[in-house]
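Pasting the sequence and the predicted model now:
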Amino acid sequence: MKTESTAMPSFTSKLLGRSSSDSKKTSVSSSRKNTSASTTNTNGCENVDDIDEVDEQGQSILLGIIAQLRPGCDLSRITLPTFILERKSLLERITSQLQQPDIVMKAEATRDDSLERFLLVVKWYMSCWHIAPKAVKKPLNPILGEFFTCYWDLPNGEQAYYISEQTSHHPPKSSYFYTIPSSNLRVDGIVIPKSRFLGNSTAAIMDGVTRLSFMDIRDPETGEPETYTLTQPNMYGRGILFGSLKFELGDHMVVKCPSTGYEADIEFKTKGFISGTYNAIHGVIIDTRTDETLYEITGKWNEQMYIKDLDSDEKKIFWDCDEANPLRPKVRPLEEQGDYESRKLWKKVTDALADRDHKIATDEKFKIEEEQRKEATAREEEGVEFHPKLFKPLSIEESVEDGNDKLEFIIYKDRSLDKDFAEHDTESIKKHIFEMAPILPGQKFDKQFRIPAYEKIADQPGEE
């Protein structure tokens, strides 16, 4: 295992922030809502948004590393510039996509119009890509077995819950589960970033899939819940060797609903060498049953997006990022968290980043990664495989179910939760969720928490 700081393509290709040079122009909504790293959120949790620290020199990452090179130096100890590292793990960064629950709850409540419901799902998925650090940054790479949980207090008095775990390290795979029990809504997903070096640019090819299910909107023929599959655009870091450092989303994002036949194909356009603009999108929504193109979506993913009805030629705002009001997740107090829980695991690193202490941040990060190497070596020597505690691999039969392609892992209480949703048993849903891992303040770890998921399933045949 190499640390992120040993190779330029490795860390730059996983940048998941915003261009520093574009920050004045494209971060209006973020600047209104983000507070400094040392503040506390209204929910009582530490605000781990990034320090508003930017660097206008595109070569600063490369030059910052080269300046540290000395004969015989340990490359794994090279210090990254402060603004490269985000103060949160990728497992927590994923929750940025879940911060407009009002939209998806409205979609779930739209029972009589499947097209309107589909449009709301697309809006929900497009609504949060603008939530990112002002400067070009990357989240901390989760270590194997790391997990993160959080919750949302919703305006209707109910709650939403999120559970995630790093289920693989080579290649990195981050699995997650999200639900709003009162709305009979669940999301299952996996993020699989693959790094590519492209000369003056690097890319994170975002494999994986998000599966959204409305558990009480059932197909009258099959009885299965209405399911949507959603892919991600890829992420690019420009100006690695020369020019200004910039972040872009690029390529296609696809949203599908097999049971209704609606499909959205949204292209995130990257700026051309001579012409074009940053952050533009162009997409269409089609009815695959008739091959008819119904809507066109344009604009910018971090400013305003527009939708045009191709039948009536009516064009209106689809989503305005400047008027968004993201709902931040809440996290249990640090003293209640487990050693492998993201915020506790990385606390010394993130504290040092907040203090701009490069050396301590690097030293503490190195300690965590070195421990990971030792554990991997021990497993190899003993012939032991790693098994996630909260997620289980999909069986061959499960992998071909609607929306499960590329999912790979599923929350281990999947079957129990499916039964609870089918029976509209909100209290049982919550009970089974809280049995898996603590989410709310005051909750304790179950004595079975550390047992691998596949063993816990074997002890509970109903989960098979």
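Looks like it arrived, so ask away.

State the number of residues packed around His170.
Neighbour count of His170, defined by other CB atoms under 10 Å: 8. In this view, the C-beta of every residue, glycine as well, is placed from N, C-alpha and C.

Kindly confirm my reading that it forms part of a strand.
No - His170: not assigned to a strand; according to DSSP: H, G, I helix; E, B strand; the rest coil it is coil.

Show the pLDDT at it.
Per-residue pLDDT puts His170 at 86.

same thing with Tyr236?
You'll see Tyr236 listed with a pLDDT of 86.

List phi and psi for it.
Main-chain dihedrals, Tyr236, degrees, to the nearest 10: phi -130, psi 140.

What distance do you get for it to Val121?
With the distance defined as CB to CB, to the nearest Å, Tyr236 ends up 26 Å from Val121.

before we move on, what about Tyr412?
Distance, Tyr412 to Val121, using CB to CB: 26 Å.

do the same with Lys374
Counting by CB to CB, the gap between Lys374 and Val121 amounts to 44 Å.

Quick check on those two: which one has the bigger neighbour count.
Val121 (24 against 10).

Enumerate every residue touching the more buried one.
Remark: with contacts taken as CB atoms under 8 Å, 6 or more residues apart in numbering, Val121 is in contact with Val104, Ala107, Leu212, Tyr228, Val255, Cys257.

so which of these is the most crowded?
Ranked by the number of neighbours (other CB under 10 Å), the contacts of Val121 place Tyr228 first, at 28 neighbours.

show me where pLDDT drops low in the stretch 251-400 of the chain?
Low-confidence segments of the stretch 251-400 of the chain (pLDDT under 70): 275.

And for the stretch 1-150 of the chain?
Residues of the stretch 1-150 of the chain meeting the criterion pLDDT under 70: 1-83, 135.

who's in contact with Thr290?
By CB under 8 Å, 6+ apart, the contact set of Thr290 is empty.

Quick check: the gap between it and Tyr262.
11 Å.

Let me see the ranges of the helices in the protein.
Ranges of helices within the chain are 8-12, 23-26, 28-33, 60-66, 90-93, 101-109, 114-126, 342-345, 347-354, 358-382, 396-399, 414-422, 426-436, 453-459, based on DSSP state H.

Could you point out which of those sits nearest Tyr161?
For the helices of the chain, distance to Tyr161 was read as CB to CB. The smallest value, 5.5 Å, belongs to helix 426-436.

tell me the angle the closest one makes with helix 414-422.
Angle between the axes of helix 426-436 and helix 414-422 is 160 degrees (criterion: axes from the mean of the first three to the mean of the last three CA atoms, to 10 degrees).

What are the contacting residues of helix 426-436?
Under CB under 8 Å, 6+ apart, the answer for helix 426-436 is 161, 163, 179, 181-182, 390, 411-413, 416-417, 420-421, 439-440, 443, 446, 449.

which among those residues end up buried?
Buried by 16 or more other CB atoms under 10 Å: 161, 163, 179, 181-182, 390, 411-413, 416-417, 420-421, 439, 449, out of the contacts of helix 426-436.

Gly338: which of those is nearest?
Of the buried ones among the contacts of helix 426-436, the one sitting nearest to Gly338 (CB to CB) turns out to be Phe449, at 7.9 Å.

so how many other residues sit close to the residue lying closest to Leu115 once chain neighbours are set aside?
In this structure, Leu115 finds its nearest non-sequential neighbour in Tyr262, 6.5 Å apart by CB to CB, 6 or more residues apart in numbering. Tyr262 has 24 neighbours, counted by other CB under 10 Å.

could you list every residue that touches Tyr262?
Counting by CB under 8 Å, 6+ apart, Tyr262 has contacts Ser114, Leu115, Phe118, Lys256, Ile285, Ile286, Asp287, Thr288.

if I look at it, how far off is Pro172?
Distance from Tyr262 to Pro172, counting by CB to CB: 32 Å.

and what of Gly223?
Computed as CB to CB, the Gly223 to Pro172 distance reads 36 Å.

okay, the two: which has more neighbours?
Shown here are Gly223 and Pro172; by other CB under 10 Å, Pro172 has more neighbours (19 against 8).

give me phi/psi at that one?
According to degrees, to the nearest 10, Pro172 has phi -70, psi 130.

so which of the helices of the chain is the most packed in?
Among those, helix 90-93 has the highest mean neighbour count (mean count of other CB atoms under 10 Å), at a mean of 24.

How about residues contacting it?
By CB under 8 Å, 6+ apart, helix 90-93 touches 16, 48, 86, 139-142, 146-148, 150, 164-166, 174, 176, 191, 342-343.

Do a quick rundown of the strands in the stretch 151-300 of the chain.
Secondary structure of the stretch 151-300 of the chain (DSSP state E, counting those that start in this stretch): strands at 159-168, 173-180, 185-197, 201-218, 225-230, 234-238, 246-257, 262-269, 280-287, 292-300.

mind checking which of those strands is nearest Asn325?
When the strands of the stretch 151-300 of the chain are compared by CB to CB, strand 159-168 sits nearest Asn325, at 15.6 Å.

Next, the angle from that closest one to strand 173-180.
Using the same axes, to 10 degrees: strand 159-168 against strand 173-180 is 170 degrees.

And the closest residue in space to Pro326 that isn't next to it in sequence, how far from Asp207?
Sequence neighbours aside, Gln99 is the residue nearest to Pro326 in space, at 3.7 Å (criterion: CB to CB, 6+ apart). Plainly put, Gln99 is 23 Å away from Asp207 if you go by CB to CB.

With Glu224 instead?
25 Å.

Please tell me how far the residue nearest to Leu115 sits from Lys256.
Taken as CB to CB, the span from Tyr262 to Lys256 is 8 Å.

and stretch 300-310, which residues are buried?
Quick answer for stretch 300-310 (16+ other CB under 10 Å): Lys300, Trp301, Asn302, Glu303, Met305, Tyr306, Ile307, Lys308.

Many thanks, I have nothing further to ask.
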